[in-house]
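Engineer: I'll drop the sequence and a predicted model, then ask my questions.
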Amino acid sequence: MNASLSRTELDWRFIGTIDDIPWQGARCVENNETRIAVFRTADDRIFALEDKCPHKNGPLSQGIVHGGCVTCPLHNWVISLETGTAQGADEGRTAAFPVRLDGRDIYLQLPPGA
Amino acid sequence: MSRQQLVIIGNGMAPGRMLEHLFEAQGDFDVTIFNAEPRVNYDRIMLSPVLSGEKSYEDIIIHDDAWYAENGITLHRGEKVVAIDRDARTVTSEGGITAAYDKLVIATGSAPFIIPVPGHTLPGVLAYRDLDDVDGMKSAAVRGGRAVVIGGGLLGLEAAAGLKAQGMDVTVLHLMPTLMERQLDPNAGYLLQKELERRGIEVRCRANTKAILGTDRVEGIELEDGTVIEASLVVMAVGIRPSTSLAAEAGLQVGRGIVTDAQMRSSDPDILSIGECAEVDGRVYGLVAPLYQMARVAAATLTGTEAAFAHAETPTKLKVTGINLYSVGEFGDGPECEDVVLRDAARGSYKRVILKDDRVIGAVLYGDVADGTWYNEMLKSGEDVSAIRDTLIFGQAHQGGQAADPLAAIANLADDAEICGCNGVCKGRIVEAINDKGLTSLAEVRAHTKASASCGTCTGLVESVLALTLGDGFEKTAEGMCGCTDLGHGEVRRLIKAKGLKSIPAVMIELEWKSSHGCAKCRPALNYYLLSDWPGEYVDDQQSRFINERVHANIQKDGTYSVVPRMWGGMTSSSELRAIADVVDKFAIPDVKVTGGQRIDLLGVKKEDLPAVWADLNKAGLISGHAYSKGLRTVKTCVGSTWCRFGTQDSTGLGIKLEKFLWGSWTPAKVKLAVTGCPRNCAEATCKDIGVICVESGYQIVYGGAAGLHIQGTTELGTVQTEEEVIEIAGAMTQMYREQGFYLERIYKWADRVGYDTVKAAILDDLASRRAYYERFVFSQKFVQTDPWSERVSGVDKHEFKPMAVFDAQGVNTAMEPAE
């Protein structure tokens, strides 16, 4: 536990390594009431979005990750991993969180005081 | 006036086309066809894709049985004509059928030339001419070994590529110094040879065959220089000879072919000849475009309309997937000829345009062939190109400083510019058809003009003409399975098998996916196709599965899941019910519902609780019900002869046996069965994917029902005597559907598409075929009948069910995973 604390700098929090997330998949991070989906793309980029589709709050972490997007499992909305915006004709946006990859370690920036 | 009797000898592409023209002109004839082959008219130029496995025989049929019936044609299949009696005006077949004619058309085509070296009659020596040859090659390919193709021309190379695609080692022997020397110059021939070698095809030029070796069948081949090559198959593709003997015996004038005038009339004006057997103005032809021109002219002659055959240079294309070459006209090195050449070694492209007196007389393109049509236009029009000579070789898009807009290139084409070489259809004719008939799709243009209906290489051009003519009114109908590819599901399935593609990345690279990693539509489809085609070999890609199949439960609108344990044939027990009740209490599961498939649904389970819920259910012997899968869902039953006073057979017992046999298999879409104990049908078997109706005398099997958005009753397959037969048929049908169905296509849609007769023939009537499907199903079941719930209880995919990190109010991660 101490080791993990020491790796938490400022409001960047160490959440795990890239190997904890399946290739072209996602895992969740829970922060009090908020659930954040952390995605790993085919080219090993990492993104974090609130785990709520702007359409009907579907859990984006459960969707299929393709290219730089995820398709929501409830009604197939396609959401950009980078910006959280709905693609195509759909309109809406989900909150995106900054993430940083340091070697294989992933750091997630959570809102101050959260 | 009584109708004239028209007799046609031969049922190839030329007479087929002639008849289309004839019926269009409403010619008043009773038509009788004698065909030496036992088939309808099919597209012979597409034999290569059939050999490579990219197309099936059904795909290349031009005229099906219905067409002959509709047009009142008498077709004698497998009846070779052996005599023409010009005095009596009759023809007689080997089988003794005699038909009288007013007009006779001889379209006997050509026979492949077989080099009479020792051993040329051994079994295992084939030509490359018709579907029988293709079938012969395919069955040789199953035995494996090396195929030697003699002849490095168009046909020989297509055969070589096809045999390679079928998994054989292939050597091409060519007498001349470079490949396809009649169509390609040595430079392009060299590039082609390198490409074939890169694909693992051995090419030996200047190779002269001395003998074919072997005692009972082909074992090898010996060259003049003494080299011996082992071979289990020898394909001769060294040329064709017009079949003229029948005409010669009837006393018609014969040269290289059956001599005709420009109206396709032989030396007897009531006898016409078209196709590869005909000789016009001293020339015989082997490519489809001039043969179709003959067909048009002959139809006009028969209906008394003016028309004349005129020689034209026909461009050559090689139908080998991934190799682009185009050649037209002359490319010799005559003294007055000038060459303009562009080489791009990095892209493997070579372009050469041959000029004489500032006019294009020939072009050879390898790699980038987009401008072939444009050069051919200039060749045909004979226009002076001195003004654009400097930029000519860069192609049409680079003329006049315009941006490279493919539509602009088409817009610039003259109305008489030829778009479809095979069928001789020009741009003006397509535009006219679109405007006059209100056509809006590629399929309609194909139907009305034949453009792109033969070899298909001009499909893009035809679509461009549609786009230009209709403007915004044209929406390219996406034939592709998704935005990532233009290939449809059927093509993708066939190519996966033909090219032996065994992973999603391999499919995407080989089939030139337009997106880097696919999308949420194509990835689950590809994952299914690979799983179904390579049982035991392909490793399931969990990330390409929809969440339900990834976590073996059904996601609900609030992100919780529902859990449905299997209840075999809808039977349960007090101990199972007790275990379910305990699980509901222990995990505070909000809702419990009885499903339409005769089992129990636990709704509102938190994802994190799933493994623990399953563990408890497993302890009571309950396993996953696959209520979430594109696979077998349930087998619904009634109580049958065990309890019911009307029951005729043990429907419950049979349902349980079917479910225990079929469970776990992945299919294109969900599969639901029912077994009902008597025709009162309490188990509702007649709206299921596969249903069994027990009767006194046995089991009636029905299939292809639907009761969702679409409602449709089942179609009867047939009645069998024993439970064993029912189980074998259910397995075989499921396997046929697994192999042929498109992803998300239910059984009724698949059967609608392939035809209920086809399914019945393969599953009920043909016992060997049924057995083969059944055995492939049994084999693939070996790899899937493991309960996915117990696998996850024991730790598989445990990352799925746990958050990666959980921060408390102090920002401390309380769920850090121990290092593994």
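Structural biologist: Looks like it arrived, so ask away.

Engineer: low-confidence ranges in the stretch 301-450 of chain B?
Structural biologist: Confidence mapping of the stretch 301-450 of chain B against pLDDT under 70 gives the ranges B:321, B:332-334, B:345-347, B:398-406, B:409.

Engineer: OK, now which residue of it is nearest to chain A?
Structural biologist: Closest residue of the stretch 301-450 of chain B to chain A, Cβ to the nearest Cβ: B:Thr440 (23.3 Å). Every C-beta, even on glycine, is put in place using the N, C-alpha and C of the backbone.

Engineer: in this structure that residue contacts B:Phe474, no?
Structural biologist: Yes - using Cβ atoms under 8 Å, B:Thr440 is in contact with B:Phe474, at 6.7 Å.

Engineer: got any residues that touch both of these two?
Structural biologist: Taking Cβ atoms under 8 Å, 6 or more residues apart in numbering or on different chains as the criterion, B:Thr440 and B:Phe474 both touch B:Leu466.

Engineer: between the two, who's got more neighbours?
Structural biologist: B:Phe474 (19 against 16; other Cβ atoms under 10 Å in any protein chain shown).

Engineer: is it correct that B:Leu602 is in contact with B:Val564?
Structural biologist: Yes - between B:Leu602 and B:Val564 there is a contact under Cβ under 8 Å: 7.4 Å.

Engineer: how many other residues sit next to the residue in the stretch 451-600 of chain B that chain A sits nearest to?
Structural biologist: Proximity of the stretch 451-600 of chain B to chain A (Cβ to the nearest Cβ) peaks at B:Ala520, 3.7 Å away. If you count neighbours by other Cβ under 10 Å, B:Ala520 ends up with 20.

Engineer: that one: what's it in contact with?
Structural biologist: Contacts of B:Ala520 by Cβ under 8 Å, 6+ apart are A:63-64, A:66, A:71, A:76, A:78.

Engineer: B:Leu213: how many residues sit nearby?
Structural biologist: Neighbours of B:Leu213 under the rule other Cβ under 10 Å: 18.

Engineer: surely the residue of the stretch 301-450 of chain B closest to chain A is within a strand?
Structural biologist: No - applying DSSP: H, G, I helix; E, B strand; the rest coil, one finds B:Thr440 to be coil, outside a strand.

Engineer: contacting residues around it?
Structural biologist: Shown in contact with B:Thr440 (Cβ under 8 Å, 6+ apart): B:434, B:466, B:470, B:473-474.

Engineer: contacting residues around the lengthiest helix in chain B?
Structural biologist: Ranked by number of residues, the top helix in chain B under DSSP state H is helix B:723-740. Contact with helix B:723-740 is made by B:493, B:532-533, B:632, B:654, B:657-658, B:661-662, B:665-668, B:671, B:673, B:690, B:692, B:699, B:701, B:703, B:717, B:720, B:747, B:750, B:754, B:759, B:762-764, B:770-771, B:773-774, B:776-778, B:780, as judged by Cβ under 8 Å, 6+ apart.

Engineer: state the distance from the residue of the stretch 451-600 of chain B closest to chain A to A:Asp19.
Structural biologist: 24 Å (Cβ to Cβ, to the nearest Å).

Engineer: please apply the same query to B:Glu202.
Structural biologist: B:Glu202 is 45 Å from A:Asp19, where distance means Cβ to Cβ.

Engineer: and the two? Which one has more around it.
Structural biologist: Applying other Cβ under 10 Å to B:Glu202 and A:Asp19 shows that B:Glu202 carries more neighbours, namely 15 against 11.

Engineer: after the helix or strand encompassing the more buried one, next one along is what?
Structural biologist: Using DSSP states H and E, B:Glu202 sits in strand B:201-204. Once strand B:201-204 ends, the next helix or strand along the chain (criterion: DSSP H and E) is strand B:209-213.

Engineer: tell me the first helix or strand C-terminal of the longest helix of chain B.
Structural biologist: That would be, after helix B:723-740 and using DSSP H and E, helix B:747-754.

Engineer: got the contact list for that following helix?
Structural biologist: Here helix B:747-754 makes contact (Cβ under 8 Å, 6+ apart) with B:668-669, B:671, B:689-690, B:703-706, B:710, B:712, B:715, B:733, B:737, B:740-742, B:745, B:759.

Engineer: any buried residues in it, and which?
Structural biologist: B:747-751, B:754 (16 or more other Cβ atoms under 10 Å in any protein chain shown).

Engineer: using CSV, list the CA coordinates for it.
Structural biologist: This file holds the C-alpha atoms of helix B:747-754, laid out as CSV (Å, rounded to 0.1, in the frame of the first residue of the first chain):
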residue,chain,number,x,y,z
ILE,B,747,-31.6,-19.8,-40.1
TYR,B,748,-34.8,-18.7,-41.9
LYS,B,749,-32.9,-15.9,-43.7
TRP,B,750,-30.0,-18.2,-44.6
ALA,B,751,-32.5,-20.8,-45.9
ASP,B,752,-34.4,-18.1,-47.9
ARG,B,753,-31.1,-17.1,-49.4
VAL,B,754,-29.6,-20.4,-50.3
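
Engineer: now for the helix or strand following that helix, which elements pack on it?
Structural biologist: Moving toward the C-terminus from helix B:747-754, the next helix or strand (DSSP H and E) is helix B:756-760. Under the contact definition 3 or more Cβ pairs under 8 Å, 6 or more residues apart in numbering or on different chains; DSSP states H and E, helix B:756-760 sits against strand B:715-720.

Engineer: how big is the angle separating the strand it packs on from helix B:723-740?
Structural biologist: Relative orientation of strand B:715-720 with respect to helix B:723-740: 150 degrees, computed using axes from the mean of the first three to the mean of the last three Cα atoms, to 10 degrees.
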